[in-house]
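1. All I have is the shape, not the residue letters:
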């Protein structure tokens, strides 16, 4: 089963709802902080970590404002985080590498998102009910009219200004007869997709601008918060401004990613996606700025959107896919436009990467003599595309950019 998240903008309206909302998120933060501090003590003393059942028994009744199942869900999430971190550290240690994975260590959170299981969170007559145990009250969230969940409700999460509904959907198995689409993820070019005959390049300049604005605004607001007096009204106003800015940036970025993947889905319907597995090692070798840009890229979200909008997505390793000529196999480093010194073939570098990734998905490796696209479309992530879906125009020599919109 796959999971899909539906976000609903919501904030309390009455003082009673605000009190319940604040108490629940504060209790969730207290529980998480306590688990983090106690885990640090257990690791320092080299004791065995107690089982999940023992932690559930310990937390029972200690955190008013949270229901029993919300407490159990948070303990489960914490134990799962410890398990995944331990496994990743062992893998790095076996490979002789220094692990960058860290156990949860921050215990200064004032508020934290509250999880609810599907046994607690219930939808009745278009209203989502979120209980908070004895004396904790019940929050009622009005769902938008006509909202249809993509699958069975598995979990609900109460965050600042938003309620997330996690739904389970049947996993779509790609058809073996579906045509293969090679996708290369990037920064300046958000998506480069090709089926061997034509290619679509989606600009990533707007996404890059959103991320840059978010980082600069976050740094400025954090600096002002640190200079303000603890507990003052000014500090609280700045904290709320930071929450609003982060939430707005996340919505803008998610909307843009949906438009970008929709452009690819319109151009190549019912295709099976082969996408390059993201890796940051090459960016780290180039420099700090390149590493930051790659780490800020929303590659995982793009892959998930492509997977359910098309016939699934398969990740393959992509080292040197943008440096290898599909025609003769010559390897060289180029900038935005790839010009082969051996055979003279020329195309945008993202098209080269998409062609080679498609070849890896079909044959298990990069091979010379691959079909190259003769039509290349340069598109922007727009809400609506004029006319028919983008099908590309004849490629221009030397990678000359096409006009704005659909080429």
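-> Perfect, thanks for sending it. On a predicted model such as this, the values are computed, not experimentally measured, just so you know. Numbers count the residues shown, from 1 in each chain.

2. for the helix ranked longest in the chain, packing partners?
-> Using DSSP state H, we find that the single longest helix of the chain is helix 233-267. The contact analysis (3 or more CB pairs under 8 Å, 6 or more residues apart in numbering; DSSP states H and E) places helix 233-267 against strand 189-194, strand 198-203, helix 205-227, helix 299-309. C-beta: built from backbone N, CA, C; applies to glycine.

3. if you compare these, which one is most tucked away?
-> strand 189-194 (a mean of 28; mean count of other CB atoms under 10 Å).

4. what angle separates that strand from helix 233-267?
-> Computed with axes from the mean of the first three to the mean of the last three CA atoms, to 10 degrees, the direction of strand 189-194 lies at 20 degrees from that of helix 233-267.

5. Residue 130 touches residue 138, doesn't it?
-> Yes - contact criterion CB atoms under 8 Å: residue 130 and residue 138 qualify, at 6.7 Å.

6. Please, which helix or strand holds residue 112?
-> If you go by DSSP states H and E, residue 112 is not part of any helix or strand.

7. wait, residue 127 sits on residue 142?
-> Yes - look at residue 127 against residue 142 with CB under 8 Å: they come within range, at 6.0 Å.

8. ok so, going back, okay if I get the helices and strands packed on helix 233-267 as JSON lines plus mean pLDDT and distance to residue 42?
-> Formatted as JSON lines, these follow (pLDDT from 0 to 100; distance: least, CB to CB, whole Å):
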{"stretch": "strand 189-194", "mean pLDDT": "92", "distance to residue 42": "44"}
{"stretch": "strand 198-203", "mean pLDDT": "92", "distance to residue 42": "48"}
{"stretch": "helix 205-227", "mean pLDDT": "93", "distance to residue 42": "32"}
{"stretch": "helix 299-309", "mean pLDDT": "89", "distance to residue 42": "31"}
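
9. all helices of the stretch 1-150 of the chain, in order?
-> 15-44, 52-59, 68-94 (DSSP state H, counting those that start in this stretch).

10. looking at those helices, which is closest to residue 265?
-> Of all those, it is helix 68-94 that lies closest to residue 265, at 31.5 Å by CB to CB.

11. So which bits of that closest one are buried?
-> 69, 70, 71, 72, 73, 74, 75, 78, 79, 82 (16 or more other CB atoms under 10 Å).

12. what does stretch 13-24 give?
-> Applying 16+ other CB under 10 Å to stretch 13-24 flags 17, 20, 21, 23, 24 as buried.

13. Check stretch 98-118 too.
-> Under 16+ other CB under 10 Å, the buried positions of stretch 98-118 are 104, 107, 111, 112, 113, 114, 115, 116, 117, 118.

14. Lowest-confidence entry in these?
-> pLDDT across the buried residues of stretch 98-118 is lowest for residue 107, at 74.

15. need the contact list for it.
-> With contact set as CB atoms under 8 Å, 6 or more residues apart in numbering, residue 107 has these partners: 32, 33, 34, 36, 37.

16. any idea how far residue 346 lies from residue 47?
-> 63 Å (CB to CB, to the nearest Å).

17. Which one's more surrounded, the two?
-> Using other CB atoms under 10 Å as the criterion, residue 346 and residue 47 rank with residue 346 on top: 17 against 9.

18. got a pLDDT number for the closest residue to that one other than its chain neighbours?
-> Computed as CB to CB, 6 or more residues apart in numbering, the closest residue to residue 346 that is not its neighbour in sequence is residue 339, at 4.7 Å. Residue 339 carries a pLDDT score of 88 in this model.

19. what about residue 339, neighbour count?
-> Residues lying near residue 339 (other CB under 10 Å) number 15.

20. swap in residue 345?
-> 15.

21. and what of residue 54?
-> With other CB under 10 Å as criterion, residue 54 counts 11.

22. From residue 137, how far out is it?
-> Residue 54 sits 29 Å away from residue 137, going by CB to CB.

23. a markdown table for the helices of the stretch 1-150 of the chain, including mean pLDDT and distance to residue 301?
-> Listed next are the helices of the stretch 1-150 of the chain as a markdown table, based on pLDDT from 0 to 100; distance: least, CB to CB, whole Å:
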| stretch | mean pLDDT | distance to residue 301 |
| --- | --- | --- |
| helix 15-44 | 93 | 25 |
| helix 52-59 | 90 | 30 |
| helix 68-94 | 91 | 19 |
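
24. Let's have those helices in CSV, adding distance to residue 237.
-> Listed next are the helices of the stretch 1-150 of the chain as CSV, based on distance: least, CB to CB, whole Å:
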stretch, distance to residue 237
helix 15-44, 16
helix 52-59, 34
helix 68-94, 29
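
25. Among those helices, single out whichever gets nearest to residue 230.
-> Across those, closest to residue 230 is helix 15-44 (CB to CB), at 16.5 Å.

26. what angle sits between that closest one and helix 52-59?
-> Using the same axes, to 10 degrees: helix 15-44 against helix 52-59 is 130 degrees.

27. for helix 15-44, packing partners?
-> Using 3+ CB pairs under 8 Å, 6+ apart, helix 15-44 sits against helix 68-94, strand 114-117, strand 138-142, strand 152-159.

28. Got the domain ranges for the protein?
-> The chain breaks down into these structural domains: 2-169, 180-205+248-399 (assignment by automatic domain parsing).

29. With respect to burial, which of those domains scores highest?
-> Ranked by mean neighbour count, the domains of the chain are led by domain 180-205+248-399 with a mean of 19 (mean count of other CB under 10 Å).
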